[in-house]
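> What follows is a predicted structure for the sequence shown.
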Amino acid sequence: MYELKTKQTDNSVIEFIEQVDSPKKREDAYRLLDIFTETTGFEAKMWGPSIIGFGSYHYKYESGHEGDAPLVGFSPRKAKISLYFAPGDKKREELLKEFGKHTSGKACVYINKVADINEDVLKELIKQSITFLNEMYSNQ
């Protein structure tokens, strides 16, 4: 049976941020922590060893694979900061046009530093992702 790697843990978010090598990236992680906490209304929780997540939802795919994941989150990684939003949301692409300097993958948006982005658009991305996931998975 497939075992989900990224699960919510009881590890300390603050201790994790304090272990970030770069002082600038650590400062950005605290700024993101404030923005995500204020925007979501959820307490930050560690998901796996390196993702700071907010809220959670239960998903189930047609394949039968199911699990829990944070509604939104971020991770201050060595190379870039990863921001986690809902994959598949068409409105995300529209918001990203106004976001600032970033690259994106299926579920992640990557930034170098918070100063490169529009914080108001970040708040909209967070809200939109939560709305999208709540609508998509509300009846599961």
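Yep, that arrived. Residues are numbered from 1 along each chain as shown.
> Centroid-nearest residue for the chain?
For the chain, G73 is the residue whose C-alpha lies nearest the centre (CA atoms, centre = their mean; 2.0 Å).
> Please report phi then psi for that one.
phi -180, psi -180 (degrees, to the nearest 10).
> What is the least confident helix or strand in the chain?
Ranking every helix and strand in the chain by mean pLDDT, DSSP states H and E puts strand 57-60 at the bottom, with a mean of 85.
> what helix or strand is I35 on?
Here I35 sits within helix 23-40, counting by DSSP states H and E.
> so how far is that helix off the chain centroid?
In terms of CA atoms, centre = their mean, to the nearest Å, the centre of helix 23-40 is found 11 Å from the chain centre.
> List the buried residues of the following helix or strand past that helix.
Next in sequence after helix 23-40, counting helices and strands by DSSP H and E, comes strand 44-47. Judged by neighbour count using 16 or more other CB atoms under 10 Å, the buried positions of strand 44-47 are A44, K45, M46, W47. Yep, even glycine has a C-beta here, placed from its N, CA and C like the rest.
> Just give the nearest non-adjacent residue to the last one, would you?
Which is W47. What sits nearest to W47 in space, not counting adjacent residues and going by CB to CB, 6 or more residues apart in numbering, is G53, at 4.2 Å.
> So what sits opposite the one you found in the bridge?
Note on G53: beta-bridge partners by DSSP bridges are K45, G73.
> wait, I81 sits on V109?
No: between I81 and V109 there is no contact under CB atoms under 8 Å: 9.1 Å.
> Neighbours of A86, how many?
When counting by other CB atoms under 10 Å, one arrives at 23 neighbours for A86.
> heads up, I number from 104, so please use that
Taking 104 as the first residue, the last one we looked at is A189.
> how much space between it and P126?
Relative to P126, A189 is positioned 31 Å away (CB to CB, to the nearest Å).
> Right, I'll call it a day here.
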